[in-house]
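> next one to model:
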Amino acid sequence: MSATDTLVGLLAGRIDAVSLAPRDWDGVISVARAEAMLATLAHHLREADLPPPVAALFADQRAAAQVAKDQALWEAEMARRALAPEGIEFVLLKGTAYAAAGLPCSAGRQIGDLDILVLAHDIRRAENELLEAGWEWVKSDPYDDFYYREHMHELPPLIHNARDRMIDVHHTILPKTHRITPDALVLVAEAVTTASGFTILNREDMACHCAAHMLADGDLQGGLRNLWDFHCLTRDFAAADTGFWGRLDARADLHGLRGAVHRAARLARDLYGADLPSGWDRQDAGDVWYRRRLLARDDWGRPTNFMLQQAFYIRSHWLRMPPTMLAKHLWTKWRKR
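Got it, this is the predicted structure:
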């Protein structure tokens, strides 16, 4: 069994941590680190009987993850203070949203950039207010700036000049040129407020966005972590509300994401042992390629199956833009290199 399979088995509960030999931990830790899931695994196994070196490492990871979580929430507060005086409201997305809501999937989750969603008509005002509050452009290249503004679902990324933290300001959740066009107005209009006062997507939209980010807007890099998010979100939401799966199905239809959401659910079943309701628990022959892509690491944590990775990379760009635009974009990027 590969270290990647072992990592997935530990998270799914199919493998007991006490059954691992010391040499097995080397591979599991390497893969978990490469997948940005080491602190997630540390939280998941916090009650397990672990070898002392592993236990010490995992304790450090849990402590570091808590610091990172606090920093992410503080960055969200800084964005709120920058935008609120002008009446610009935003919805937290991804890892910071999970942390703000206190969701179980946020335990140990690595949080990178601050992702926020604002209404399209507020995007320029939000940009100006953030620039005045100390954020600066990361990408200074004119073509990259044009590409983001004309074709993407977000502004070019910004980084704060003092805190060195990045923010991605979205006006929808998939690129403008994508074949799927989720309803951004509905996402914002039906968002909910957490106890801490931050606004996040409602449960169904949060699961839809997670699936879209993993399967409709990328090449599955970091897919095991994103799939773990989806698995935890849907598991916990369904446990609290028996009607969740039905509403998720309807919501995915509304946003044009039914295929992505159902595939994410099947992959969560296949890898993490998710329990799916009737109508969701079927087989799809194409899922085998997604499973292979998600598990494509060796026991050192290095990517494997280069051709499969390239195929998913090409797929991600093919979904994002029409063929003529894609050819022009890739030619421009190649020339710039």
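
> hey, which helix or strand in this protein has the poorest pLDDT?
helix 323-336 (a mean of 69; mean pLDDT, DSSP states H and E).

> now the strands for this protein?
Under the criterion DSSP state E, the chain contains strands at 91-92, 114-117, 135-137, 158-160, 166-170, 192-193, 199-200.

> contacting residues for the nearest residue to residue 62 once chain neighbours are set aside?
Leaving out its chain neighbours, the residue that sits closest to residue 62 by CB to CB, 6 or more residues apart in numbering is residue 42, at 5.1 Å. Just so you know, the C-beta spots here come from the backbone N, C-alpha and C atoms, and that holds for glycine as well. Shown in contact with residue 42 (CB atoms under 8 Å, 6 or more residues apart in numbering): 57-59, 61-62, 65, 108.

> repeat for residue 223
214, 293-294.

> same thing with residue 312?
219-220, 293.

> residue 18 now?
Contacts for residue 18 (CB under 8 Å, 6+ apart) come out as 48-49.

> quick one: it and residue 230, what's the gap?
Taking CB to CB, to the nearest Å as the measure, residue 18 falls 28 Å from residue 230.

> pLDDT of the longest helix anywhere in the chain, averaged?
Longest helix in the chain, counting residues (DSSP state H): helix 52-83. Averaging pLDDT along helix 52-83 yields 97.

> now the angle from it to strand 166-170?
60 degrees (axes from the mean of the first three to the mean of the last three CA atoms, to 10 degrees).

> give me the phi and psi for residue 282.
The phi and psi values for residue 282, taken as degrees, to the nearest 10, are phi -120, psi -180.

> give me the local confidence score for it.
Per the predicted model, pLDDT is 90 at residue 282.

> same check on the one 5 residues further on?
According to the model's per-residue confidence, residue 287 sits at a pLDDT of 96.

> again, but for residue 148
82.

> excluding its backbone neighbours, what's nearest it?
Per CB to CB, 6+ apart, closest to residue 148 is residue 156, 4.3 Å.

> isn't the one you found up against residue 142?
No - Residue 156 is beyond contact range of residue 142, at 10.8 Å (criterion: CB atoms under 8 Å).

> show the buried residues in the contacts of residue 312.
When the contacts of residue 312 are checked for burial by 16 or more other CB atoms under 10 Å, the buried set is 219-220, 293.

> buried ones in stretch 89-107?
89-101, 103, 105-107.

> could you export it as CSV, CA atoms only?
Provided in CSV are the C-alpha atoms of stretch 89-107 (Å, rounded to 0.1, in the frame of the first residue of the first chain):
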residue,chain,number,x,y,z
GLU,A,89,-20.1,44.1,2.2
PHE,A,90,-18.3,40.8,1.4
VAL,A,91,-18.7,37.1,1.8
LEU,A,92,-15.9,35.0,3.2
LEU,A,93,-14.9,32.0,1.0
LYS,A,94,-12.9,28.8,1.5
GLY,A,95,-10.7,28.2,4.5
THR,A,96,-11.3,31.5,6.3
ALA,A,97,-15.0,31.0,6.0
TYR,A,98,-14.8,27.5,7.5
ALA,A,99,-12.7,29.0,10.4
ALA,A,100,-15.2,31.9,10.9
ALA,A,101,-18.1,29.4,11.1
GLY,A,102,-16.2,27.1,13.4
LEU,A,103,-16.7,24.1,11.1
PRO,A,104,-15.0,20.8,11.9
CYS,A,105,-13.2,20.8,8.6
SER,A,106,-11.3,24.0,9.7
ALA,A,107,-9.4,22.0,12.4
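
> can you give me how far it is from the chain middle?
For stretch 89-107, the separation from the chain centroid amounts to 11 Å (computed by CA atoms, centre = their mean, to the nearest Å).

> the chain should start at 7 in everything you say after this.
Happy to do that; since the first residue is 7 now, the last one works out to stretch 95-113.

> that stretch - what's its average pLDDT?
For stretch 95-113, the per-residue pLDDT averages 97.

> repeat that for stretch 121-135.
Stretch 121-135 comes out at a mean pLDDT of 96.

> could you dump it to PDB, C-alpha only?
Taking C-alpha atoms only, stretch 121-135 is exported to PDB below (Å, rounded to 0.1, in the frame of the first residue of the first chain):
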ATOM      1  CA  ASP A 121     -10.700  34.900  -0.400                       C
ATOM      2  CA  ILE A 122     -13.700  37.200  -0.400                       C
ATOM      3  CA  LEU A 123     -16.800  37.600  -2.700                       C
ATOM      4  CA  VAL A 124     -18.300  41.100  -3.400                       C
ATOM      5  CA  LEU A 125     -21.000  42.100  -5.800                       C
ATOM      6  CA  ALA A 126     -19.700  42.900  -9.200                       C
ATOM      7  CA  HIS A 127     -20.900  46.500  -9.000                       C
ATOM      8  CA  ASP A 128     -18.700  47.000  -5.900                       C
ATOM      9  CA  ILE A 129     -15.600  45.500  -7.300                       C
ATOM     10  CA  ARG A 130     -13.900  48.700  -8.300                       C
ATOM     11  CA  ARG A 131     -14.700  50.500  -5.000                       C
ATOM     12  CA  ALA A 132     -13.400  47.500  -3.100                       C
ATOM     13  CA  GLU A 133     -10.200  47.600  -5.000                       C
ATOM     14  CA  ASN A 134      -9.700  51.300  -4.300                       C
ATOM     15  CA  GLU A 135     -10.400  50.900  -0.600                       C
END
